[in-house]
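>>> Need coordinates for the below:
(chains A and B)
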Amino acid sequence: MSSLAATVQDIFSEPGCAKNGNKSEAERKKGCTKQLQPGGAAGGCAFDGAKIALQPFTDVAHLVHGPIACEGNSWDNRGAASSGSSLWRTAFTTDMSETDIVFGGEKRLCKAIKEIIDKRDPPAIFVYQTCIPAMIGDDINAVCKAASQRFGKPVIPINSPGFVGSKNLGNKLAGEALLDYVIGTQEPDYATPYDVNLIGEFNLSGELWQVKPLFEELGIRILSCISGDGKYREVASSHRARAAMLVCSKAMVNVARKMEERYGIPFFEGSFYGIQDSSYSLRQIARLLVERGAPQELLGRTEAVIAREEARAWAAIEPYKPRFKGKKALLITGGVKSWSVVAALQEAGLEMVGTSVKKSTREDKERIKLLMGQDAHMIEDMTPREMYRMLKDAKADIMLSGGKSQFVALKAAMPWLDVNQERCHAYMGYVGMVKLVEEIDKSLSNPMWNQLRRPAPWEALAKAMVHMQSPVAAIAHDPALAEAARRARKICSCNTVDLGTIEDAIYAHGLRSVEAVRNHTNAVGGCCKRRIEDVLASAPPAGLQAAE
Amino acid sequence: MAIATLPTKACAVNPLKMSQPIGGAFAFMGLRGAMPLLHGSQGCTSFGLTLFVRHFKEAVPLQTTAMSEVATVLGGYENLEQAILNIYNRTKPKIIGICSTGVTETNGDDVDAYLKLIRDKHPQLAKLPLVYVSTPDFKGAFQDGWEKAVASIVELLVEGPNVNGLRDPSRVNVLPGCHLTPGDLDELRAILEDFGLRPSFLPDLAGSLDGHIPDDFTPTTIGGIGVDEIASMGRAGWTIAIGWQMRRAAAVMQARTGVPFRLFERLCGLGPNDEFMTFLSEISGRPMPSKYRRQRGQLTDAMLDAHFHIGGRKLAIAAEPDLLFDLSSMLHEMGAQVSAAVTTTQSAVIERVKTEEVLIGDLEDLEELARTKHCDLLITHSHGRQAAARLKIPFYRAGFPMFDRLGAGHQLSIGYRGTRDLIFDIANLVIADREENHQPTPDRWRPSAALPLASGHRSAAGRSTA
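All right, here's what the predicted structure looks like:
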C-alpha cells in the first residue's frame, strides 16, 4: 500500500492543478481528501473513477479484482462508443468468494488473467484493484508483473481501491497507471508534425466523432485520445505527439502535465462545448503545432474552417433565439462543463439562473463570473429538495444535469436535459451545440408540460366542495350575514377598529377627512390612513349626509 | 430434476449476479419513509444507486457510510454513527435499514454492537427503528440480500400476538420475493381485495417505486408499508409468501406471531394461479369472482394461440433462482424446452427447474450454452442483450436490471392476466423474429449439412416452422 499512498500524495501536490496551487504546503499534503460525509454523500469511489477514465480503451480487457459488487453492479452503464473492438463492453471480474478473502485472491487473479488471454487474446489487460483485495493484501502489482512476463503481454495494474478517495482521485490514479506502465512503451508506425493527443475525452455517445472530421479536414492527426475510442497501441505510443489538448482537466491534468514534463508535449486546456470554445480550442491546437514546427499555413486554414463552421452554427441557432426569450435554465453539472455549457446556452439566448460549481476549480469559477457577471449564482452544493423547490416555484424553466438528479426536475413537472454521461445525444463541437439547442427547444416546447401541471379535475371539484361547506359559503347565501362580515373588516389593526364603526361615524357626523374620523373613533390613522381614505372616497356625497 | 453445477473458472465474464447488500437495500425501499444505508465505501452505494435509477427511472433513496481508508483500518463505528445522525437530522426517516458490505465484513465491524452503543449515546434515536442485515458482497447474491432483510424486518418490527391473541381473518400478510415487480404487487393487491381481503405487503415496492408523482419532494422513500402496519402484522389471519426465498421470513413470522403461512413458489402459469385462487377462495370464504373466471378463460385461450410459437422452442434462460424457476416452469408447461439455465446463487428451487442442469454462473456461460445447444429464445436481464445480438436469437428481458427499456417496474407476470400478457409478449417476439430473420428461402430446405456455417437456431427454426 505504501506505493499507492505515495502516488496519492503525488497527485495531491499536482502543480498543474490550479486548486492545489493556491493552497498552503500543509493543506496541499492533505490533498483533496475532504472527509466524505457519511450519510450525506452521493458520488462514486476511486475505483469507479479509475474505471470510468480507462474503460473507453476499447480493445483492452478490463479485469476487476474484487467481489461481485464492484463489477456486477456497475458494468455496462456508460455509453462510450467504439469504432472498432467491442471488448471493452465485456465485463471481467474475479468475483471473489469468502475462500479468496481468507486465503488471498492472488491465485484466482492470476488464473483469471490466463483465462482472458486464452479466450480473447487482447493487446493488454488492465487489472483494477478494489477495496477488499487491498485490505487483505493482494499485491496486484506483483501479480501483473509476473503475468506480463509469463504471458508476454502487458498486464497493467490500476491501483484504485474505492476507499482511498473520490471518483476524481480515481480518474487521476488511472492516469498515473498509464504514465507508469503504458505511455511511451511502444513507437508509432510513423510520426507527422500534425500529431496531437486529446486527454480526458471519453467519446461518450460518440461525441469525439463530431469533432474528428474538422481535425481531419485540417490535416491534424489524433495520435491518441485518452481514452475515448482508444486503442492500447495508440496510447502506448502517444508520447510522440507534438501537442496535446486537455479536455477534462479535473480527470487527467496529471497525465497532460507529466507528458509535458517527460516528453516535452505542450498542452492547453480547452473544451468543445459551445461555439466560441470550439473555435478557441481549434486555434490553440493549430498554434501549438505551429510553435512545435508545423508549417505556418495551418493557422490560416484553421481560421477559414472556424469562420465557416461558426457561420453555419450561428445560422442554425438563430431561429431558436426568439423561442428562448425569457426562458431560464438551471445547470447542475460539474467541473469544466459548469462554464463551457453556460457559454453555449447563453449563445442560444437562454438566461441562466444558476450553475453548480461543486467540482469546479478556481479558474472555472473565474470563467463563470466572466460569463454570467459578478453576481453569478454559483451553487456550491444544492440538496435535491432545494432543486425541486427552485423548479416548482418556476425560478427556472429547464434543468440541465446528470442522470441522478433528473427525477428532481421531472417530478416537479419541469423540462430536464441530460448533459452528463448517460445522455443519448452528442453535444460537442459546432454540430453538437446546434443539437443541444434543438433538444432544449424540443423539451421546452413540448405540449405535455401544460397537461401535467394542470391538477386533476377532481381536485378542483373537491376544493369547491370544501368551499361550499365552509362558513364563507354560508355568508355568501345570506345578505345579512354578508353585510355583518363586510362591516367586521378591520380597518385599524392597532386599535381594532372595524369598517362598520368608521362608516357609522362618517354617516352620523358627515366626516370628510382622516383627521375627523380619528377624532370620532379610536382609529389611529397612522398605518391605516390609506384605508380610511378609501372608505371616505367610497362614502356617499356630503349632501346626503347633511340631510340627515 | 436439475443438478446445480458450480463454476470452475476463475474469471466471471459478463456477470449475471448482483451483490447481496443492494438486494438488502432494495427490500428497505418498500418501507415508507425509509432510508437504506450501505455500510461501506462510496462506490458500493453509488453503483447500486445508479442501477436502481436506471431500472426504475425514479429517484431512489440510498445512503452510504462513506468508509475511507483510515476508517476501514480503524473500524467503522464513527462513520456509522455519523451517517445515522446525518440521515436522522436531514431527512427525518421513519426507519433506517443498514446493510453491511464486503469492506465492513472483511474488517469485521460488529454493527450490532455499534448500534447498541449509538443508541445509548443518542437518546433522540430511541424511537427510530434501525434494522441491520449482514450482507457481505463476497457471498450470495441479490436475492439473498432481499431474503435476509425481509426476515430481519419481521424479526425486529413485527409485534408478538396481543394479550387476547385476537386475529382479523380478513387481513393477510403478503411477503413477495424480489422477483415480483411493483406492477405484480398492484395486480396481487387487486386480486386479494376482490376476495374481500385486506393485504399488507412486506416490503411494498408498489407504493414506493411504481413511478407516481408525489406532491412534494422527499429524500426518503415516498411510499410503501409503514412501520406501524408492519408491527401489527401479527394480527392477520394468514401470511402468503411468494417465491421460495420468502420461506424463511414467513417461518419467522409464524414463530413470532403464530400466523400460519402458505408458500406459493410461483404465480406465473395456469396451475399455480388455480391453486392460488382456490386458496384465496378458501380463506376468504367467498366464491371466485366472475372477473377471474373470465380471465382464466382468456389465459387458456392465449395458451392455445401461443403454443404454436412457444412450443418446441429451445429456451436459454438466466435469472435469480426464484425468477428462473417461475418463468422456466411456465414456458416448460407451454411446451418450450429449457435447454440452458444459469442462475446466481444456491436455492432449493434449482433442482425443481425442468432441465438437466442449472449452472451457477455468468452470462458468458449462458451464451456458450445457448450456442452449443442451439437455443432459439433467450431470457435474462438487460445485460443479456449483447449475447442475444451475437447469437441472433429473440431476446426477452426479465428480471433486474432492465435499464434499456421503459416500464420495467410495471412488467407483469403473475395472475391469469399477467401470465396471459407475458405469453403474448413472448409469442409475438418469436413471430416477429421469424418474419424478420427467418423468411423461407430455397437454401433453407436443403439438408443442414450443406448450409454454409449452419447455425443451430436456424435449423431449429426450420424444424419448428416445417
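>>> Pull up the per-residue confidence for the residue most central in space within chain B.
Geometric centre of chain B, nearest residue: residue B:179, 2.0 Å, by C-alpha atoms, centre = their mean. Confidence at residue B:179, expressed as pLDDT, is 97.
>>> wait, it sits on residue B:344?
No: counting by C-beta atoms under 8 Å, residue B:179 stays clear of residue B:344, with 11.6 Å between them. In short, each C-beta sits where N, CA and C put it, glycine included.
>>> where do the contact lists of these two overlap?
B:143, B:320 (C-beta atoms under 8 Å, 6 or more residues apart in numbering or on different chains).
>>> Closest residue of the stretch 251-400 of chain B to chain A?
residue B:383 (5.6 Å; C-beta to the nearest C-beta).
>>> interface residues of the stretch 251-400 of chain A facing chain B?
A:383, A:384, A:385, A:388, A:389 (C-beta under 8 Å from any C-beta of the partner chain).
>>> List the residues that contact the first one.
Put plainly, it is residue A:383. Counting by C-beta under 8 Å, 6+ apart, residue A:383 makes contact with B:90, B:219.
>>> In the chain, which helix is the longest?
Chain wasn't specified; assuming chain A. helix A:297-317 (DSSP state H).
>>> ah, I was thinking of chain B
helix B:415-437.
>>> Mind giving me the packing neighbours of that helix?
In terms of contacts (3 or more C-beta pairs under 8 Å, 6 or more residues apart in numbering or on different chains; DSSP states H and E), helix B:415-437 is packed against helix B:182-194, helix B:270-284, helix B:290-310, helix B:321-333, strand B:377-380, strand B:395-397.
>>> and that helix with helix B:290-310, angle?
30 degrees (axes from the mean of the first three to the mean of the last three C-alpha atoms, to 10 degrees).
>>> For the residue sitting nearest the centre point of chain A, give me its contacts.
Taking C-alpha atoms, centre = their mean as the criterion, residue A:333 is the residue nearest the geometric centre of chain A, at 1.5 Å. Listed by C-beta under 8 Å, 6+ apart, the contact set of residue A:333 reads A:341, A:355, A:356, A:400, A:401, A:402, A:419, A:420.
>>> is it true that the fifth one touches residue A:419?
Spelled out, that is residue A:401. Yes: with contact defined as C-beta under 8 Å, residue A:401 reaches residue A:419; the gap is 6.8 Å.
>>> residues shared between the contacts of those two?
A:331, A:333.
>>> Just want to know which of these two has more residues nearby.
residue A:419 (24 against 21; other C-beta atoms under 10 Å in any protein chain shown).
>>> which one is that one nearest to, not counting chain neighbours?
residue A:400 (4.8 Å; C-beta to C-beta, 6 or more residues apart in numbering or on different chains).
>>> What is the burial count for the one you found?
Residue A:400: 28 neighbours (other C-beta under 10 Å).
>>> That one bridge partners, please.
Beta-bridge pairing for residue A:400 (DSSP bridges): residue A:331, residue A:417.
>>> Counting neighbours, what do you get for residue B:220?
Neighbour count of residue B:220, defined by other C-beta under 10 Å: 22.
>>> Which of the helices or strands spans the residue in the stretch 401-548 of chain A that chain B sits nearest to?
Proximity of the stretch 401-548 of chain A to chain B (C-beta to the nearest C-beta) peaks at residue A:407, 3.7 Å away. Per DSSP states H and E: residue A:407 is located in helix A:406-411.
>>> Now the stretch 251-400 of chain A against chain B: closest residue?
residue A:388 (3.8 Å).
>>> oh, I was asking about the stretch 151-300 of chain A
Closest point on the stretch 151-300 of chain A to chain B, by C-beta to the nearest C-beta, is residue A:162, at 3.8 Å.
>>> ok, that residue touching residue A:48?
Yes: counting by C-beta under 8 Å, residue A:162 does reach residue A:48; the two are 7.0 Å apart.
>>> what do those two both touch?
A:170, B:42, B:43.
>>> The helix or strand where the last one lies relative to helix B:182-194, how many degrees between them?
When you say that, I think you mean residue B:43. Assigned by DSSP H and E, residue B:43 belongs to helix B:42-56. Here helix B:42-56 runs at 60 degrees with respect to helix B:182-194, directions being taken by the same axes, to 10 degrees.
>>> other SSEs contacting helix B:42-56?
Going by 3+ C-beta pairs under 8 Å, 6+ apart, helix B:42-56 lies up against helix A:46-54, helix A:68-72, helix B:20-28, strand B:34-39, strand B:63-64.
>>> right, so of these, which gets closest to residue B:330?
helix B:20-28 (23.5 Å; C-beta to C-beta).
>>> could you give me the average pLDDT of the closest one?
Here the average pLDDT along helix B:20-28 is 98.
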